[in-house]
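K.L.:
Generate coordinates for the sequence data below:
(one chain, ligands or ions: 1)
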Amino acid sequence: MSATPTAPVILGDEPGSFPHSVLAERHPAIIQQVRDAFPYDPTRHRALDALLANCADGAVEPLSATAHDRDHWTAWGLGTHVGRSWYDIPWLWSESYFYRRLLDAVGYFAPGPWQGIDPFRPFKLAELAAPETDEELAALDDLTTLPADGQARALLHGSLWGNRADLGFRLSDSAAATAAAVPALVADDSDTLWSLLPSGGAGTLCLIADNAGRELVPDLLLIAHLLEHGRVGRAVLHVKPYPYYVSDATTADVVDALTRLVRADGRAAEYGRLLWSAMTDGTLAVRAHPFSAGPLPYADLPADLRAELATAALTVVKGDLNYRRLVGDRRWPATVPFAEVTAHFPSPVAALRTLKSDVVTGLAPATEAALDAAEGGSWRTAGTHALIQVRT
Ligand SMILES: O=P(O)(O)OC[C@H]1O[C@](O)(CO)[C@@H](O)[C@@H]1O
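P.N.:
Purely as a prediction, here's the structure:
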């Protein structure tokens, strides 16, 4: 039996690396975007100034003594990271804590006028209101001419590529994929995925959501199709308990997406009504577990969430950040088997992800070599490639 595989944890300490650029450039830009999106009062502006300065050259600061989630963060390692540079601790941890601190700065948790105001809501709503979303929803009507399996495949690809905020209801085109020198899909275990969701299956699908708006809409459509066609008996959608990573979905975003569907025309509205009633009767449940916005890999799932996911016939893990949490945010060789690095997960698991950070596992050696030859390292982070990986 092989030993549990391991590899160095990714930090943000290497200037010029992708993680370093996120901490040094992307986080300050996000602070600016949030500042510009609301008429915050001077107290909030001062708090944002302080966070900006802290991110640039400071050390991780503790939460206030009265923070509602102080115990969670303590359990997640706050004590070991306080006082250290944001750049020298696991990148997964520092990114996650940045969003927690940003919410403090805008008064999201504190009693007062800004309590509960999602600083990213304007960006999420703009995406839902975009004309492209209308076009993408209208395209659902064309899918009705396909057999159920074809619809299912198209909706799976819609959910996959929705992670690029590109809600194209692409029909699977395996001929084009194999003809390309470097296929857009770098791994495709979709046949195994479908084998875990047989017709007449009464099992539970868990879907760990990623972004709101134009990713959440196709995620919901996929769930609606699976329920409607009896491939699952029940679905559980895991969202974030508070705004996170700019566009990650919360319960409020689920309601916005469902409202958007119900108010659309044609097939989109039918799916919307199906989902609305599924939520109402409990066939579709929404969870917002604190760990979903935690800074740790899924190998460290808390017992209650582990037990819930263990009941799933399949857990679908969406997006890049969830992939990092699933396999561990480590410098894996790209060819380390996906099944080995996800052996800890309590149910069969499928990752649907466009590649937006360095971590990748489970590639065939020839695929990695072809990607490197054609694109250098950019294929790992550009969001132009995607994968469907399944561990049964
Ligand atoms: O929305 P996704 O697919 O989780 O991607 C978010 C990705 O963007 C980053 O936050 C980089 O900014 C990555 O850390 C993360 O993996």
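
K.L.:
Tell me where the stretch 101-250 of the chain has helices.
P.N.:
Assigned by DSSP state H, counting those that start in this stretch, the helices in the stretch 101-250 of the chain fall at 121-129, 131-138, 140-143, 148-162, 174-179, 190-195, 216-228.

K.L.:
Going by mean pLDDT, which of those helices comes out lowest?
P.N.:
In terms of average pLDDT, helix 174-179 trails the rest of these, at a mean of 39.

K.L.:
returning to what we had before: go through the helices of the stretch 101-250 of the chain and name the closest to the ligand.
P.N.:
Among the helices of the stretch 101-250 of the chain, helix 148-162 comes nearest to the ligand, with 10.0 Å by Cβ to the nearest ligand atom. Using the backbone N, CA and C atoms, a C-beta is placed for each residue, glycine as well.

K.L.:
and the angle for that closest one with helix 216-228?
P.N.:
Between helix 148-162 and helix 216-228, the angle comes out at 160 degrees (axes from the mean of the first three to the mean of the last three Cα atoms, to 10 degrees).

K.L.:
elements contacting helix 148-162?
P.N.:
Here helix 148-162 touches helix 140-143, helix 190-195, helix 216-228, strand 349-354, strand 386-391, going by 3 or more Cβ pairs under 8 Å, 6 or more residues apart in numbering; DSSP states H and E.

K.L.:
how about the residue in the stretch 1-150 of the chain that the ligand sits nearest to, what does it touch?
P.N.:
Distances between the stretch 1-150 of the chain and the ligand by Cβ to the nearest ligand atom are smallest at residue 22, namely 4.4 Å. Going by Cβ atoms under 8 Å, 6 or more residues apart in numbering, residue 22 touches 12, 91, 95.

K.L.:
sorry, back to before: reformat the helices of the stretch 101-250 of the chain into CSV and put mean neighbour count next to each item.
P.N.:
Listed next are the helices of the stretch 101-250 of the chain as CSV, based on neighbours: other Cβ atoms under 10 Å:
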stretch, mean neighbour count
helix 121-129, 16
helix 131-138, 15
helix 140-143, 17
helix 148-162, 22
helix 174-179, 10
helix 190-195, 16
helix 216-228, 25
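
K.L.:
who in the stretch 251-392 of the chain is up against the ligand?
P.N.:
For the stretch 251-392 of the chain, the contact set with the ligand under Cβ under 6 Å from any ligand atom comprises 319, 320, 321, 324, 356, 357.

K.L.:
Go ahead and confirm the second one touches residue 357.
P.N.:
By that I understand residue 320. Yes. Counting by Cβ atoms under 8 Å, residue 320 touches residue 357, with 5.4 Å between them.

K.L.:
Run through the residues that contact the closest residue to residue 198 other than its chain neighbours.
P.N.:
Closest residue to residue 198 apart from its sequence neighbours, by Cβ to Cβ, 6 or more residues apart in numbering: residue 231 at 6.8 Å. Residue 231 sits next to 152, 197, 198, 199, 201, 225 when contact means Cβ under 8 Å, 6+ apart.

K.L.:
again, only this time at 7 Å
P.N.:
Residue 231 is in contact with 197, 198, 199, 201, counting by Cβ atoms under 7 Å, 6 or more residues apart in numbering.

K.L.:
Please parse the chain into its domains.
P.N.:
When the chain is parsed with automatic domain parsing, its domains come out as 18-119, 123-391.

K.L.:
what separates the longest one from the chain centre, distance-wise?
P.N.:
When distances are taken as Cα atoms, centre = their mean, to the nearest Å, domain 123-391 is centred 8 Å away from the chain's centroid.

K.L.:
what mean pLDDT does the helix or strand containing residue 51 have?
P.N.:
Element membership for residue 51, per DSSP states H and E: helix 42-57. Confidence for helix 42-57, expressed as mean pLDDT, is 95.

K.L.:
List of residues touching that helix?
P.N.:
With Cβ under 7 Å, 6+ apart as the criterion, helix 42-57 contacts 23, 27-28, 31, 35, 61, 86, 98, 101-102, 105-107, 114.

K.L.:
tell me which residues in the helix or strand just after that helix are buried?
P.N.:
Next along the chain after helix 42-57, taking DSSP H and E as the criterion, comes helix 70-75. Buried residues in helix 70-75, defined by neighbour count with 16 or more other Cβ atoms under 10 Å: 72, 73, 75.

K.L.:
what pLDDT does the first one get?
P.N.:
What it means is residue 72. Here, the pLDDT recorded for residue 72 equals 97.

K.L.:
Check residue 7 too.
P.N.:
Looking at residue 7, its pLDDT is 95.

K.L.:
what number of residues lie near it?
P.N.:
Neighbourhood size, residue 7 [other Cβ atoms under 10 Å]: 16.

K.L.:
I'd like the distance between it and residue 327.
P.N.:
Here residue 7 is placed at a distance of 10 Å from residue 327 (Cβ to Cβ, to the nearest Å).

K.L.:
Let me have the residues of the stretch 251-392 of the chain next to the ligand in CSV, extended by secondary structure.
P.N.:
As requested, those are arranged in CSV below (DSSP: H, G, I helix; E, B strand; the rest coil):
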residue, secondary structure
319, helix
320, helix
321, helix
324, helix
356, coil
357, coil
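
K.L.:
Most neighbours among these, please name it.
P.N.:
residue 319 (25 neighbours).
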